[in-house]
Each structure stands twice: as structure tokens, then as C-alpha cells.
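Q: what's the 3D shape of this:
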Amino acid sequence: MYGLTHTKNREGVLVLTVWTRKRSGYGGGFDTFDKTLVSFLTREGVSLAQGYVLNVYGSDGTRLHHFDTTVENNP
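A: Below you'll find the predicted structure:
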């Protein structure tokens, strides 16, 4: 991972964008990557109570993953 930006959408949900130099895969798998990222954000005091949307982009700009944990999409 070499880049991370964050914003909130109209509903106030955190939207994360991550850039990686990898063309595919996450080393230990996406679940491990997601848990590590969530742990970091929690330690930094970021609230994930409403869930979050995570988009991961590869070195060529291709979206590698879209992960939505918002309540609306995970009842």
C-alpha cells in the first residue's frame, strides 16, 4: 500500500481509497488486509460505527476490490 485517502459520502459513511503497487492479490488475503486496515483506523480514533466503503486500486489504476460494510448493504 502506498496511498490512502478518505472522505465521507452524503450519508456520512467513511469512503476509503487505497492504492497498491500490486497487480492482484493482498499477500495474506483480502480479509487479512481489511482487518489490518480496520485495526489501524481504530487505533487512530476513526469511527467505523456506520460501516465503511473500501476501494483498492492497483498500480495501473485498475480497481482490484470494492468492499462495502454499510448497514444498508449488510443487514
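
Q: Do a quick rundown of the strands in this protein.
A: 3-8, 14-19, 52-57, 63-68 (DSSP state E).

Q: Can you pull up the most central residue in the protein?
A: In the chain, the centroid-proximal residue (CA atoms, centre = their mean) is residue 54; its distance is 2.9 Å.

Q: Could you count how many residues lie near the residue nearest to that one when sequence neighbours are not counted?
A: Ranked by CB to CB, 6 or more residues apart in numbering and with sequence neighbours excluded, the top spatial neighbour of residue 54 is residue 67, at 4.3 Å. For the C-beta atoms, the positions are set from N, CA and C on the backbone; glycine is no exception. Residues lying near residue 67 (other CB atoms under 10 Å) number 17.

Q: try the one 4 residues further on
A: Counted with other CB under 10 Å, the burial measure for residue 71 works out to 11 neighbours.

Q: sorry, back to before: what's the most buried one of the strands of the chain?
A: strand 52-57 (a mean of 19; mean count of other CB atoms under 10 Å).

Q: neighbouring strands for that one, and are they parallel or not?
A: Partners of strand 52-57 in the sheet, by DSSP bridges, are strand 14-19 (parallel), strand 63-68 (antiparallel).
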